[in-house]
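Undergrad: 3D, please:
(one chain, ligands or ions: 1)
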Amino acid sequence: MTTPYVLPPTLKSLRNYVDGEFVSTDKRFDNVSPLNGEVLAQVHEADAALVDRAVQAARRALKGPWGQTTPEERAKMLHRVADVIERRFDEFVAAEVADTGRTVQQAQKLDVHRAIMNLRTFADLGKNAQTDFFETRTADGDNLINYTVRKPLGVVASISPWNLPILSMTWKSGPALICGNTIVVKPSEETPSSATLLAEAFHEAGVPPGVFNLVHGFGANSAGAFLTAHPDIDAVTFTGESRTGSTIMKTVADGVKEVSFELGGKNAAIVFADCDFDAAVEGVVRSSFANSGQVCLCSERVYVERPIFERFVQAMKARTEKLKIGYPDEPGVDMGPLISRKHRDKVLSYYKLALEEGATLVTGGGMPKFGDQRDEGVFIQPTIWTGLADNARCMREEVFGPVCHIAPFDSEEEVLKRANDSVYGLAGTLWTTNLSRAHRVARQFHTGIVWVNTWYLRDLRTPFGGVKLSGLGREGGRWSLDFYSETTNICVKL
Ligand SMILES: O=C(O)C(=O)/C=C/C=C/O
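TA: Next up is the predicted model:
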C-alpha cells in the first residue's frame with residue numbers, strides 16, 4: 001500500500017493526454033496539498049492550441065477505427081480500462097488522497113470503487129441497451145413499423161469538479177464512450193492527479209488515440225473556456241457551480257449544443273418525530289459532513305419536528321464532536337481538510353456571517369488546532385447552527401463545507417413549503433418510519449433526487465440530476481444513453 005498521500009513518481013509532472021500521447025507544455029501551475037500546503041507536482045496547462053488539437057484528434061477518431069466499433073467492442077475496451085484501474089487501485093487511491101486530503105477509506109470505498117463501477121456499469125448498459133419499436137396502423141388502413149436507432153453525438157466536452165474527481169470523470173466518460181462518442185475531459189485544476197492516471201489507464205488498455213483526451217487548466221481564459229467555446233464539440237457535460245453552468249450555456253447557445261448539468265444545491269433533510277432516532281442522527285451527520293461537506297448532495301438545511309428538536313440538536317452535537325478530523329490514514333479518521341485555502345476562506349466567511357445573521361453556534365465554527373504540520377493544512381471544524389431565519393443568506397446560499405443548520409417545524413405542509421423554498425432543487429432527504437408519510441412527502445420534494453431513511457446510496461441505473469439552479473437533464477442508466485446519443489426514428493410502410 002503506497003503511503004496514502006505521497007504521489008507515485010509518474011505523477012510528479014501532470015501532463016495532458018492528446019491523440020494518444022502525453023503532452024508537456026511550458027505553462028505550468030502547482031498542485032498543492034490541502035493536508036500540509038506542500039507542492040505535490042507541476043501541472044502542464046493546456047493552451048487554446050492544445051485544446052484545439054485535442055478536439056481535432058477526437059473528431060478524427062470518430063472517423064477512424066473507433067467509429068467502426070460495435071457496442072460490444074467498446075464495452076470490452078471500457079472493461080479493460082476498469083481492469084487497469086483495479087490493477088493500479090492503490091495509485092488511484094493515493095492520487096485522490098494527495099489532491100484532496102480525503103480519508104483513505106473513502107477513496108477506497110467510494111471514489112476509486114465507483115470509478116470502476118461507472119465504467120463497467122455503462123459498458124454493460126450500453127452493450128445491452130434496448131431501443132424502441134412501434135407497430136402502427138393508420139386510419140387509411142396502412143400498416144407501418146417505427147423503430148429508433150441510437151447514434152453517437154460526436155465529440156463530448158466533459159468538465160468535472162474537484163469534490164469527487166475520478167468518480168465524476170468516469171460517470172461521464174463511461175456512457176459517453178459506450179455510446180460511440182469521443183471525449184475531451186478537463187478536470188478541476190485542484191485535482192489533476194487521478195485524471196492523469198485515468199489517461200494512463202486508457203493508454204494501457206489500448207483505446208485508440210483521440211478517443212479519450214485530457215487537457216489540464218482552469219475555467220475562464222483557460223482550458224475550460226477554450227474547450228466549451230470550441231466550435232467542433234457537439235455536447236457539454238458539466239458538474240460544478242450553477243453560475244459556471246449558466247456561463248457554459250451562454251457559450252454553447254449559438255451552436256445549440258446539447259448540455260447536461262449537475263450543479264449546486266442547498267439540500268434539505270426532514271426529520272419527523274416518528275423517525276428511527278439513532279439512524280436519523282447518524283444519517284444526518286453523514287449527509288452534512290461527508291467529504292468535509294463538499295458534496296453537492298449534502299444537507300445544509302435540517303428540519304426537525306418540534307417534539308424531538310431539542311433532543312435531536314443535542315444528539316447531533318454529541319455525535320459531531322466525536323468526529324475525528326485529521327490525516328487520511330489516521331486510525332478512525334472521519335474527516336479530512338477542505339480542498340484549498342481559498343475554499344476554506346469562503347466557508348469560514350459563512351461561519352462568520354451566520355453569527356452576524358443571528359445564528360446560535362451549537363458546535364464548531366472555526367479551525368481545529370493540531371499543534372503539528374496539519375496546522376499548515378486547510379482543516380476546518382464541522383459546524384452546527386440553529387436559530388437562523390429562513391431568509392438568512394446562510395440558509396439560502398450553498399456553503400459547500402461541513403455545516404448544517406437545524407430548525408424545528410410543526411407540520412408536513414409547513415416543512416415542505418420551507419424545504420422547497422430555495423433556488424436549488426437537487427436532493428431531499430426524509431427520515432420517518434411512517435410508510436405512507438414517506439411516499440406522500442417524498443414526491444412533494446421539488447428536487448431531482450429523494451432519499452428516505454438513508455443518504456447517498458446509489459443505483460447507477462437511476463436518473464441523477466436536479467431542478468431549478470441545480471441542473472439540467474438527467475444522467476444515469478438509460479438517461480445517460482439518451483443524453484450521449486442522437487436518437488433517430490425510422491418509419492417503414494409495410
Ligand atoms: O454519485 C454520483 O453518480 C454523482 O455523480 C455524484 C455527484 C456528486 C456531486 O457533488
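Undergrad: How about the closest residue to the ligand within the stretch 201-350 of the chain: what's its closest non-neighbour residue?
TA: Residue nearest to the ligand within the stretch 201-350 of the chain: Cys296 (3.2 Å; CB to the nearest ligand atom). (Each C-beta comes from the backbone N, C-alpha and C, glycine too.) Excluding the flanking residues, the one nearest Cys296 by CB to CB, 6 or more residues apart in numbering is Gly265, at 4.9 Å.
Undergrad: Tell me how many other residues crowd Ala438.
TA: Ala438: 17 surrounding residues under other CB atoms under 10 Å.
Undergrad: Look at it and give its secondary structure.
TA: When classified by DSSP: H, G, I helix; E, B strand; the rest coil, Ala438 comes out as helix.
Undergrad: Quickly note the distance from it to Ile270.
TA: Going from Ala438 to Ile270 by CB to CB, to the nearest Å gives 11 Å.
Undergrad: Spit out the residues that contact those two alike.
TA: Jointly contacting Ala438 and Ile270 under the rule CB atoms under 8 Å, 6 or more residues apart in numbering are Leu430.
Undergrad: What helix or strand is the residue nearest the centre of the chain located in?
TA: Central residue of the chain (CA atoms, centre = their mean): Ser168, 4.7 Å from the mean position. Here Ser168 sits within helix 165-178, counting by DSSP states H and E.
Undergrad: re earlier: next up, the contacts around the residue of the stretch 201-350 of the chain closest to the ligand.
TA: Shown in contact with Cys296 (CB under 8 Å, 6+ apart): 163, 239, 262-265, 400, 426-427, 470.
Undergrad: Need those residues in JSON lines (columns: neighbour count and pLDDT).
TA: Listed next are the contacts of Cys296 as JSON lines, based on neighbours: other CB atoms under 10 Å; pLDDT from 0 to 100:
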{"residue": "Asn163", "neighbour count": "24", "pLDDT": "98"}
{"residue": "Thr239", "neighbour count": "26", "pLDDT": "98"}
{"residue": "Glu262", "neighbour count": "28", "pLDDT": "98"}
{"residue": "Leu263", "neighbour count": "25", "pLDDT": "98"}
{"residue": "Gly264", "neighbour count": "24", "pLDDT": "97"}
{"residue": "Gly265", "neighbour count": "29", "pLDDT": "98"}
{"residue": "Phe400", "neighbour count": "24", "pLDDT": "98"}
{"residue": "Leu426", "neighbour count": "26", "pLDDT": "98"}
{"residue": "Ala427", "neighbour count": "26", "pLDDT": "98"}
{"residue": "Ser470", "neighbour count": "29", "pLDDT": "98"}
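Undergrad: near the ligand, which of those residues show up?
TA: Among the contacts of Cys296, proximity to the ligand is found for 163, 239 (CB under 6 Å from any ligand atom).
Undergrad: Next, format the contacts of Cys296 as a markdown table and append distance to Val284 and secondary structure.
TA: Converted to a markdown table, the contacts of Cys296 look like this (distance: CB to CB, whole Å; DSSP: H, G, I helix; E, B strand; the rest coil):
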| residue | distance to Val284 | secondary structure |
| --- | --- | --- |
| Asn163 | 19 | coil |
| Thr239 | 24 | strand |
| Glu262 | 23 | strand |
| Leu263 | 23 | coil |
| Gly264 | 20 | coil |
| Gly265 | 16 | coil |
| Phe400 | 17 | coil |
| Leu426 | 17 | coil |
| Ala427 | 13 | strand |
| Ser470 | 20 | coil |
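Undergrad: do you know how far the residue in the stretch 1-150 of the chain that the ligand sits nearest to is from Tyr456?
TA: Residue nearest to the ligand within the stretch 1-150 of the chain: Arg114 (6.8 Å; CB to the nearest ligand atom). Computed with CB to CB, the distance linking Arg114 and Tyr456 is 11 Å.
Undergrad: and the stretch 251-400 of the chain, which of its residues are near the ligand?
TA: So far as CB under 6 Å from any ligand atom goes, the stretch 251-400 of the chain lies against the ligand at 295-297.
Undergrad: repeat that with 8 Å
TA: Applying CB under 8 Å from any ligand atom, one finds that the stretch 251-400 of the chain approaches the ligand through 262, 265, 294-297.
Undergrad: Would you tell me which one of those residues comes nearest to Val185?
TA: Val185 lies nearest to Glu262 out of these, by CB to CB, at 15.2 Å.
Undergrad: Might you report the residue contacts of the residue of the stretch 1-150 of the chain closest to the ligand?
TA: 164, 166-167, 170-171, 458.
Undergrad: any low-confidence regions in the stretch 151-300 of the chain?
TA: By pLDDT under 70, the stretch 151-300 of the chain has no low-scoring segment.
Undergrad: tell me, which of the contacts of Arg114 make contact with the ligand?
TA: Okay, of these touching the ligand (CB under 8 Å from any ligand atom), that's 164, 167, 171, 458.
Undergrad: Domain map for the chain?
TA: 9-263+470-493, 267-459 (automatic domain parsing).
Undergrad: what's the first-to-last distance across the last one?
TA: Going back to what we said before, that points to domain 267-459. End-to-end distance for domain 267-459: 20 Å, by CA to CA, to the nearest Å.
Undergrad: and what of the longest one?
TA: According to CA to CA, domain 9-263+470-493 extends 63 Å from its N-terminal end residue to its C-terminal end residue.
Undergrad: Off-centre distance for the helix holding Ser168?
TA: Offset of helix 165-178 from its chain centre (CA atoms, centre = their mean, to the nearest Å): 10 Å.
Undergrad: From the contact counts, what lies against that helix?
TA: helix 71-87, helix 89-100, helix 113-127, strand 155-159, strand 182-186, helix 193-204, strand 235-239, helix 477-483 (3 or more CB pairs under 8 Å, 6 or more residues apart in numbering; DSSP states H and E).
Undergrad: Turn the ones you listed into CSV, columns for distance to Trp385.
TA: Formatted as CSV, those follow (distance: least, CB to CB, whole Å):
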stretch, distance to Trp385
helix 71-87, 40
helix 89-100, 25
helix 113-127, 31
strand 155-159, 32
strand 182-186, 35
helix 193-204, 34
strand 235-239, 27
helix 477-483, 36
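Undergrad: thinking Lys324 is in contact with Pro368, fair?
TA: No: counting by CB atoms under 8 Å, Lys324 does not reach Pro368; the two are 10.2 Å apart.
Undergrad: Give the residue from those two that has the larger number of neighbours.
TA: Of the pair Lys324 and Pro368, Pro368 is the one with more neighbours under other CB under 10 Å, namely 17 against 11.
Undergrad: That one and Pro382: what is the separation?
TA: Pro368 sits 10 Å away from Pro382, going by CB to CB.
Undergrad: Next, the contact list for the residue in the stretch 351-494 of the chain positioned nearest to the ligand, please.
TA: Going by CB to the nearest ligand atom, the ligand is nearest to Arg458 of the stretch 351-494 of the chain, at 4.8 Å. Residues counted as contacts of Arg458 (CB under 8 Å, 6+ apart) are 114, 464.
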